[in-house]
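Colleague: Got a predicted model here, sequence first, then my questions.
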Amino acid sequence: MKCALVTGGSRGIGSAICQKLAIDTDYHILINYQSNKEAAEETLKKVIEAGNTGEIIKFNVADAEEVKNALAQWQEANPEAIVEAIVNNAGITRDGLFMWMNHEDWSQVINTSLNGFYNVTNFFIQKMLRNKYGRIVNLASVSGVKGTPGQTNYSAAKGALVAVTKALAQEVAKRNITVNAVAPGFIKSDMTSQLDEKELVKLVPVNRFGEAEEVADLVSFLVSKKASYITGEIININGGIYS
């Protein structure tokens, strides 16, 4: 059984990616979630409706022990299963001006996006290297490429993901493993629902927010065999804000 794991797969962009991979690939979809079991089950339902298989798997990507235990347990229960694709999508925002930012808001955001990448990817990377095949796609952000005021923590976490993508890509390329990142701009989701869309849309040359499905299409391409010669890339998907 070949599998694709999507972290933070229960809602928003993560859910759209799970559904898209269910349509475009033969992968058994592992939908990771942290707290919203209902949303994860709804995503699983859509994966099954798309004619594919999947399951939900609960862990907080930022908690190294929890990740290790959950994935080891899953691997023991499914000894034949091979995770060929990892989409590191889980992320949180705790926005605020740096001068007033407390330590917890700084470290929580870094722990989820950056350490979450490490905790999940490091668990599988040796197996991928042995199997001589893999697809790793990291969800960065326009904030990590250009920096966004009021988001120093998020920009730092996503900027680090950009750098780790470029470095890891070079380490594993000989083994047929690609590592790429996707950097979305303003995408309609729970995460952007509090933003003033009318004002922010003025910054976007195409004059609208993006859809989660548009990001999912790009991720699905990078996961596919068609993207074999693309690695270490950061692909902006932001309606022309910054490229």
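Modeller: That came in fine, so what should we check first? Everything numeric here is computed off the predicted structure, so don't read it as measured data. Numbering: from 1, shown residues only.

Colleague: Counting by contacts, list what the helix or strand bottoming out on mean pLDDT in the chain packs against.
Modeller: Every helix and strand of the chain was ranked by mean pLDDT, DSSP states H and E. The lowest is helix 197-200, at a mean of 77. Contacting helix 197-200 under the criterion 3 or more Cβ pairs under 8 Å, 6 or more residues apart in numbering; DSSP states H and E is no other helix or strand. (Glycine included, C-beta is placed from N, CA and C.)

Colleague: Restricting to C-alpha, output the next helix or strand along the chain from it in CSV.
Modeller: Where DSSP states H and E defines the elements, the next helix or strand beyond helix 197-200 is helix 212-223. Coordinates of the C-alpha atoms in helix 212-223 are reproduced here as CSV (Å, rounded to 0.1, in the frame of the first residue of the first chain):
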residue,chain,number,x,y,z
ALA,A,212,-7.5,26.3,-1.6
GLU,A,213,-8.2,24.1,-4.7
GLU,A,214,-5.7,26.1,-6.7
VAL,A,215,-2.9,25.4,-4.2
ALA,A,216,-4.0,21.8,-4.1
ASP,A,217,-3.6,21.5,-7.9
LEU,A,218,0.0,22.7,-7.6
VAL,A,219,0.8,20.4,-4.7
SER,A,220,-0.7,17.5,-6.6
PHE,A,221,1.5,18.2,-9.6
LEU,A,222,4.7,18.3,-7.4
VAL,A,223,3.7,15.0,-5.9
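
Colleague: Just the buried residues of the helix or strand following helix 212-223, please?
Modeller: Next along the chain after helix 212-223, taking DSSP H and E as the criterion, comes strand 234-237. The neighbour-count check on strand 234-237 (16 or more other Cβ atoms under 10 Å) flags 234, 235, 236, 237 as buried.

Colleague: number of nearby residues for residue 51?
Modeller: A count of nearby residues for residue 51, using other Cβ atoms under 10 Å, gives 8.

Colleague: Quick check: it touching residue 22?
Modeller: Yes - counting by Cβ atoms under 8 Å, residue 22 is a contact partner of residue 51 at 7.5 Å.

Colleague: Kindly provide the distance from the most centrally placed residue in the chain to residue 240.
Modeller: Centroid-nearest residue in the chain: residue 89, 1.8 Å away (criterion: Cα atoms, centre = their mean). Per Cβ to Cβ, to the nearest Å, residue 89 is found 23 Å from residue 240.

Colleague: Also residue 88?
Modeller: From residue 88 over to residue 240 the distance is 25 Å, taken as Cβ to Cβ.

Colleague: quick one: contacts for the residue nearest to the centre of the chain?
Modeller: By Cβ atoms under 8 Å, 6 or more residues apart in numbering, residue 89 lies in contact with 6, 7, 8, 9, 13, 14, 17, 139.

Colleague: State the distance from the first one to residue 17.
Modeller: What it means is residue 6. Counting by Cβ to Cβ, the gap from residue 6 to residue 17 is 5 Å.

Colleague: Same question for the second one.
Modeller: Applying Cβ to Cβ, one obtains 10 Å for the distance of residue 7 from residue 17.

Colleague: hey, what's in contact with both of those two?
Modeller: With Cβ under 8 Å, 6+ apart as the test, residue 7 and residue 17 both reach 87, 89.

Colleague: what about residue 100, neighbour count?
Modeller: Residues near residue 100, counting by other Cβ under 10 Å, number 7.

Colleague: measure it to residue 153 for me?
Modeller: To residue 153, residue 100 is 12 Å away according to Cβ to Cβ.

Colleague: go on, residue 219?
Modeller: Distance from residue 219 to residue 153, by Cβ to Cβ: 24 Å.
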